[in-house]
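**Q** no FASTA, just this:
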């Protein structure tokens, strides 16, 4: 699935998003995985913004909404 399609799905229905889809979106917007601790994954972009996401499927809506805010959507 393309990144734009995933973003549209996140906007419409933030409850049904999978971790690997959110990871794909973050990578596309310049975030990279910098740390894994237990179930939590930490992504950071070049500006130093860090976002922590719990790896579970499906993700809670709060994580999808946070990602949308961070990427400016």
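**A** Right, received. Where do you want to start? Just so we're clear, the structure is a prediction, and the values are computed from it rather than from any experiment.
**Q** what about the most centrally placed residue in the chain, distance to residue 50?
**A** A centroid search over the chain (Cα atoms, centre = their mean) returns residue 22, at 3.4 Å, as the residue closest to the centre. Between residue 22 and residue 50 the computed distance is 15 Å (Cβ to Cβ, to the nearest Å). For the C-beta atoms, the positions are set from N, CA and C on the backbone; glycine is no exception.
**Q** again, but for residue 14
**A** Counting by Cβ to Cβ, the gap from residue 14 to residue 50 is 21 Å.
**Q** Then residue 30?
**A** Relative to residue 50, and taking Cβ to Cβ, residue 30 is found at 13 Å.
**Q** these two touch, right, residue 66 and residue 51?
**A** Yes. Counting by Cβ atoms under 8 Å, residue 66 does reach residue 51; the two are 6.5 Å apart.
**Q** how about the strands in this structure?
**A** Using DSSP state E, the strands found in the chain span residues 32-37, 40-44, 50-54.
**Q** so how far is the longest one from its chain's centroid?
**A** So that's strand 32-37. 12 Å (Cα atoms, centre = their mean, to the nearest Å).
**Q** Can you list the strands that that strand pairs with?
**A** Within its sheet, strand 32-37 is paired with strand 40-44 (antiparallel), according to DSSP bridges.
**Q** can you give me the angle the strand it pairs with makes with strand 50-54?
**A** For strand 40-44 against strand 50-54, the angle by axes from the mean of the first three to the mean of the last three Cα atoms, to 10 degrees is 160 degrees.
**Q** Could you list the buried residues of strand 40-44?
**A** Neighbour-count burial for strand 40-44 flags 41, 43, 44 (criterion: 16 or more other Cβ atoms under 10 Å).
**Q** Just name the closest of the residues you listed to residue 7, please.
**A** residue 43 (15.8 Å; Cβ to Cβ).
**Q** My guess is the closest one contacts residue 32. True?
**A** Yes. Here residue 43 reaches residue 32: they are 6.5 Å apart, a contact under Cβ under 8 Å.
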